[in-house]
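Visitor: could you work out the structure for the sequence below:
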Amino acid sequence: MSHSLRSLRRLFTLTPKPSSSVISTRRHVSIETRSQKLERIADDLLLLDKLERHDFSVLWRLKLGLDRFAGPAADLGPVGPASGAGGAGADASAGAAAEEKTVFDIKLEKYDAASKIKIIKEVRAFTDLGLKEAKDLVEKVPCVLKKGLTKDEADPILQKLKDLGATVVLD
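Guide: Model (predicted):
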C-alpha cells in the first residue's frame with residue numbers, strides 16, 4: 001500500500017479515543033472542543049506532502065459529491081435578483097433576457113437516416129472535428145453541435161442542415 005493511501009486512510013478512519021470522553025444517549029461525544037479538533041485536523045493536513053495533499057483533495061471532492069470539472073456552484077441554479085421571490089419582476093426580466101439573447105447554440109434534434117453522411121460532412125465543415133468525432137456527435141442525437149455563435153453565424157449553418165433533412169434548433 002502506498003504511503004499516501006495509508007495517510008489518507010489514517011485521516012479518515014475512526015480510532016478509539018482515550019477514556020476521557022463522555023457517552024451520550026445519542027452518540028459518542030468527545031471532550032475535545034471543536035476548535036481543538038479543527039486545529040488537530042489542520043496540523044495533520046499540514047504534515048502531508050504534495051502528492052498526499054492531491055490525493056486528499058480528490059478524496060475530499062468525491063466525499064462531497066463535487067464534479068471534477070465543475071465548481072461547487074455548478075448545480076446551484078440561477079443566482080441573483082431574478083431567482084428571488086418570483087412574481088411579475090422575474091417574468092419580465094426573463095422575457096427581456098430572451099429578447100436580448102445574442103449568443104446561440106445549434107442543437108441537432110433528429111435527421112433523416114438517408115442523409116446521415118451528408119450531415120456528418122457538414123458538421124465536419126463548421127466544426128474542427130475529425131470524421132469519427134463528427135460521426136459520434138451526430139449519432140448522439142439530440143446534441144449540441146456548436147456553441148457560442150451569433151445569429152449571423154448560426155443562420156447559414158442552420159439553413160444548410162435543414163436543407164439536408166435535419167431538424168435543428170437554436171438554443
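
Visitor: what about Leu164, neighbour count?
Guide: Neighbours of Leu164 under the rule other Cβ atoms under 10 Å: 18. For glycine as for every other residue, the C-beta is placed from the backbone atoms N, C-alpha and C.

Visitor: same check, this time on Glu52
Guide: There are 19 residues near Glu52, going by other Cβ under 10 Å.

Visitor: which positions in the helix or strand where it lies come out as buried?
Guide: For Glu52, the element it lies in under DSSP states H and E is helix 50-64. Under the neighbour-count criterion of 16 or more other Cβ atoms under 10 Å, helix 50-64 has 52, 55-56 buried.

Visitor: from the residues you listed, pick the one nearest Lys162.
Guide: Ranked by distance to Lys162 (Cβ to Cβ), the buried residues of helix 50-64 are led by Asp55 at 50.7 Å.

Visitor: how far away is that closest one from Leu64?
Guide: Distance of Asp55 to Leu64, computed by Cβ to Cβ, to the nearest Å: 15 Å.

Visitor: ditto for Ile117
Guide: 45 Å.

Visitor: any chance of the buried residues of helix 50-64 in JSON lines, with pLDDT and distance to Val103 too?
Guide: Shown next, in JSON lines, are the buried residues of helix 50-64 (pLDDT from 0 to 100; distance: Cβ to Cβ, whole Å):
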{"residue": "Glu52", "pLDDT": "87", "distance to Val103": "43"}
{"residue": "Asp55", "pLDDT": "85", "distance to Val103": "39"}
{"residue": "Phe56", "pLDDT": "85", "distance to Val103": "39"}
